[in-house]
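1. Sequence and computational prediction follow.
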Amino acid sequence: MDAKSAQNMYMNKLINLVNSKVMVDFMSELFCTLHELFPKYLGGNFQTQGLMTFEQFASFARDYDIFPRLCSKPALYKIF
């Protein structure tokens, strides 16, 4: 199997996972939670921009023990 075929196989598996009812329900719950948390980390910028800076995102990740326990700073930046 060449690299492109393997990549397509993994992509199909991810798409199937994301489209599963369990994942859709999870993402719906997560969205509701993030919608409540998002303004806290934006400070006063929520109404004007609606965009989070990397520093604000890193603050969120530190508060929820994502960084540095689960994710390095370079990985966190990549996610951002």
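-> Received, thanks.
2. Find the least confident helix or strand in the chain, judged by mean pLDDT.
-> Scoring the helices and strands of the chain by mean pLDDT, DSSP states H and E places helix 21-42 at the bottom, with a mean of 77.
3. helices or strands up against the next helix or strand along the chain from that one?
-> Sequence order places helix 54-63 as the next helix or strand after helix 21-42, per DSSP states H and E. For helix 54-63, the packing partners by 3 or more C-beta pairs under 8 Å, 6 or more residues apart in numbering; DSSP states H and E come out as helix 21-42, helix 73-79. The C-beta positions use only the backbone N, C-alpha and C, and glycine is treated the same way.
4. Quick one: residues in contact with helix 54-63.
-> Contacts of helix 54-63 with the rest of the structure, by C-beta atoms under 8 Å, 6 or more residues apart in numbering, involve Leu37, Tyr41, Leu42, Gly43, Met52, Ile66, Phe67, Cys71, Lys73, Leu76, Tyr77, Phe80.
5. cool, stretch 67-80 as well?
-> So stretch 67-80 is contacted by Phe54, Phe57, Ala58, Ala61, Ile66 (C-beta under 8 Å, 6+ apart).
6. now the second one: how far from Val24?
-> Look at Phe57 and Val24: by C-beta to C-beta, to the nearest Å, they are 24 Å apart.
7. What of the third one?
-> Relative to Val24, Ala58 is positioned 29 Å away (C-beta to C-beta).
8. More neighbours: the two, which one.
-> The residue with more neighbours, out of Ala58 and Val24, is Ala58; 19 against 11, by other C-beta atoms under 10 Å.
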